[in-house]
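K.L.:
Quick one, what's the 3D model for this:
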Amino acid sequence: MADHPSADQIIDLYDRNASTWDRLRGNRLTERKWIERFRSLLQPSATVLDLGCGSGQPVARHLIEAGLAVFGVDASTHMIALCTERFPNQQWLEADMRTLGLDQTFAGILAWNSFFHLKPDDQRRMFAIFQQHAAPGALLMFTSGTALGEALGEFQGETLYHASLDPQEYRAQLQEHGFEVLDHRVEDPDCGGLTVWMARRLP
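P.N.:
Sure thing, here's the model as predicted:
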């Protein structure tokens, strides 16, 4: 499967349209069901690594307001600037999740509506990065597609790239990297049709 040319334009697309994306996304937590479940399984003051944190809302905002500490990572300069302005007491880092190497582990890792913008081979390589940054017993939650392949959307008149592995490979990658699957919902109607994975790092 040859990657679509738009696969390498995601960071630039989001960076150029950060303000527009932020305005359109707003603070509507359509994924409240899953974010609340994720939060409820963590200790009240736990630290969460938010990979592809965007502008810091609505997801990071919800976690912060619930008392969690957030370490947000995004490759967009403008997205990180919005996060820093909004939540100066949290940690924000401009970095590419695909090459992340922080010298710390986290009680929770989110790659919500971000991981699925990576090419399939990049997704495969991310599981070692998840493992590297997950404390024993840490939660991992991410969204994916439903089957191996690419899906092209549109944002501001430009092609918006998404990709997925197949469910069996996600399960195998999680197991290989020390995670057990807690839940997997395909196109959850209570969450805008998102396909969600929740896993826990084995002790």
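K.L.:
In this structure, where is pLDDT below threshold?
P.N.:
1-3, 5 (pLDDT under 70).
K.L.:
quick one: which helix or strand includes Gln173?
P.N.:
Here Gln173 sits within helix 167-176, counting by DSSP states H and E.
K.L.:
can you pull the buried residues of that helix?
P.N.:
Pro167, Tyr170, Arg171, Gln173, Leu174 (16 or more other Cβ atoms under 10 Å). In short, each C-beta sits where N, CA and C put it, glycine included.
K.L.:
and the residue nearest to the last one when sequence neighbours are not counted, helix, strand or coil?
P.N.:
Read that as Leu174. The shortest distance from Leu174 to any non-neighbouring residue, by Cβ to Cβ, 6 or more residues apart in numbering, is to Ala199 (5.1 Å). The local conformation at Ala199, judged by DSSP: H, G, I helix; E, B strand; the rest coil, is strand.
K.L.:
thinking again about what came up before, CA atoms only: put the helix holding Gln173 into PDB for me.
P.N.:
Provided in PDB are the C-alpha atoms of helix 167-176 (Å, rounded to 0.1, in the frame of the first residue of the first chain):
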ATOM      1  CA  PRO A 167      -7.900  -4.800  14.600                       C
ATOM      2  CA  GLN A 168      -6.000  -8.100  14.800                       C
ATOM      3  CA  GLU A 169      -2.700  -6.200  14.300                       C
ATOM      4  CA  TYR A 170      -3.600  -3.600  16.900                       C
ATOM      5  CA  ARG A 171      -4.200  -6.400  19.400                       C
ATOM      6  CA  ALA A 172      -1.000  -8.100  18.500                       C
ATOM      7  CA  GLN A 173       1.000  -4.800  18.800                       C
ATOM      8  CA  LEU A 174      -0.500  -4.100  22.200                       C
ATOM      9  CA  GLN A 175       0.200  -7.600  23.500                       C
ATOM     10  CA  GLU A 176       3.800  -7.500  22.100                       C
END
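K.L.:
If anything else comes up later, I'll come back, but that's it for now.
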